[in-house]
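> any chance you could fold what I've pasted below:
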Amino acid sequence: MDEKPKDVIRATDAEGIRLAKTLLRASRYGALAAIDAKSGSPIASRVGVATDTDGCPLILVSGLAAHTAAIVADPRCSLLLGEPGKGDPLAHPRITLACKAVRYARDTDDWARAERRYLNRNPKAKLYVGLGDFGFFRLEIEKASLNGGFGKAYALAREDILSAGPIDEFSRSEQSAVDHMNEDHFDAIANYALHYASEENGDWRMTGYDPDGIDLSLGDKVLRIFFPESLSAPREAHMKLVEMAKEARVALGDKAAKAKEAHSHS
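Next up, the predicted model:
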């Protein structure tokens, strides 16, 4: 009797969802694939990426680019996210998002929100965001294929990877909260990166927040720090960030004390 073929797709679990959300929120660029309007052939191009408050990708593209004409003519597209590191590039996680592109009109609330979040993530884009031929598109996620490395394939639905809850409330309160943290609590932000992501010390800045967590950046490096659990209202964010800052400070203090003691005995 023939054996039943092994299903290579893993059951959706917390590990896969967390990895997918991390790749989505921490990417600064990706490969956009679309259908060329003239030839009908597939085309792919690198694009800068940020995320909307709920997690849908935002791209800023020139109207002169072939991929822009392609998604205007046919909004069906896909976006590949995930940066290879050392060794085999196929061993590093990546996610392919099946999307439909929605163009935002200038002088609308959607454009203003997209511009704010995109420039928080990609400040160098200020050089061309105001040029008349550039525009913002939101890539509405329909489904996703996650490859977390060899033997770690997932098929994810839209609701698996987008943030839920009062998205509009978080969006309205976001910039004032981000500005406050960057101006008055930059030491806490650095401790978030050190403790929760084991990153280097430096002038880390917060670039956004949403019900699931916060985004940090240092130069070209982007981090995603998740809250212990998703928040149901923006007012919960302040208390949660205070708790996380205290936990990070205590843990880093203990680590420094142990390192000092070990050094004194060496």
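> which residues of the protein fall in strands?
Secondary structure of the chain (DSSP state E): strands at 9-10, 29-35, 42-48, 50-51, 57-62, 76-81, 94-103, 134-147, 153-157, 205-210, 213-218, 221-226.
> give me every residue that touches Gly44.
No Gly there; residue 44 is Ala. Ala31, Leu32, Ala33, Ala34, His67 (Cβ atoms under 8 Å, 6 or more residues apart in numbering). The way it works is simple: take the backbone N, C-alpha and C, and place the C-beta from them, glycine included.
> again, only this time at 10 Å
Ala31, Leu32, Ala33, Ala34, His67, Cys77, Ser78, Leu80 (Cβ atoms under 10 Å, 6 or more residues apart in numbering).
> got the confidence number for it?
Residue-level confidence at Ala44 comes out at 97, pLDDT.
> is it bridged to anything, and to what?
Beta-bridge pairing for Ala44 (DSSP bridges): Ala33.
> just to revisit the earlier point, can you pick the most crowded of the contacts of Ala44?
Compared across the contacts of Ala44, Leu32 has the highest neighbour count, 28 neighbours, by other Cβ atoms under 10 Å.
> how about Val178: what's its closest non-neighbour residue?
Leaving aside its chain neighbours, Val178 sits nearest to Met206 (5.0 Å; criterion: Cβ to Cβ, 6 or more residues apart in numbering).
> quick one: the one you found from Thr108, how far?
According to Cβ to Cβ, to the nearest Å, Met206 and Thr108 sit 26 Å apart.
> what do you get for Ile214?
Taking Cβ to Cβ as the measure, Ile214 and Thr108 are separated by 26 Å.
> the two: which has the busier surroundings?
Using other Cβ under 10 Å as the criterion, Ile214 and Thr108 rank with Ile214 on top: 25 against 11.
> wait, what's in contact with that one?
Ile214 neighbours (Cβ under 10 Å, 6+ apart): 25, 177-178, 181, 189, 192, 196, 206-208, 223-227, 237, 240-241, 244.
> repeat for Gly202
So Gly202 contacts Ala190, Ala193, Leu194, Leu218, Gly219, Lys221 (Cβ under 10 Å, 6+ apart).
> I figured the fourth one hits Tyr192, correct?
If I follow you right, that is Leu218. No - contact criterion Cβ atoms under 10 Å: Leu218 and Tyr192 do not qualify, at 11.5 Å.
> quick check: neighbours shared by these two?
Glu199, Trp204.
> comparing these two, which residue is more hemmed in?
A direct count of neighbours by other Cβ under 10 Å for Leu218 and Tyr192 places Tyr192 higher, at 23 against 17.
> the more buried one and Lys38, how far apart?
Separation of Tyr192 from Lys38 (Cβ to Cβ): 48 Å.
> how near is Phe186 to Pro89?
Phe186 is 35 Å from Pro89, by Cβ to Cβ.
> then Thr68?
Distance, Thr68 to Pro89, by Cβ to Cβ: 28 Å.
> who has more neighbours, these two?
Thr68 (24 against 11).
> let me know the pLDDT of the closest residue to Asp212 other than its chain neighbours.
Spatially, and ignoring its direct neighbours in sequence, Asp212 is nearest to Ser163 (4.8 Å; Cβ to Cβ, 6+ apart). Per-residue pLDDT puts Ser163 at 95.
> same deal with the one 4 residues further on?
For Ile167, the pLDDT comes out at 95.
> equivalent analysis for Lys255, please.
At Lys255, the pLDDT value in this model is 80.
> please apply the same query to Gly148.
Gly148 is assigned 86 on the pLDDT scale.
> any regions of this protein where pLDDT drops low?
Along the chain, the parts satisfying pLDDT under 70 run over 1-6, 256-266.
> quick one, domains of it?
Split into domains by automatic domain parsing, the chain comes to 1-162, 164-260.
> so Gly219 sits right up against Glu199, yeah?
No - between Gly219 and Glu199 there is no contact under Cβ under 10 Å: 11.8 Å.
> neighbour count for these two, which is higher?
Neighbour count, other Cβ under 10 Å: between Gly219 and Glu199, Glu199 has more, with 17 against 9.
> quick one: residues contacting the more buried one.
Ala190, Tyr192, Ala193, Leu216, Leu218, Lys221, Leu223, Ile225.
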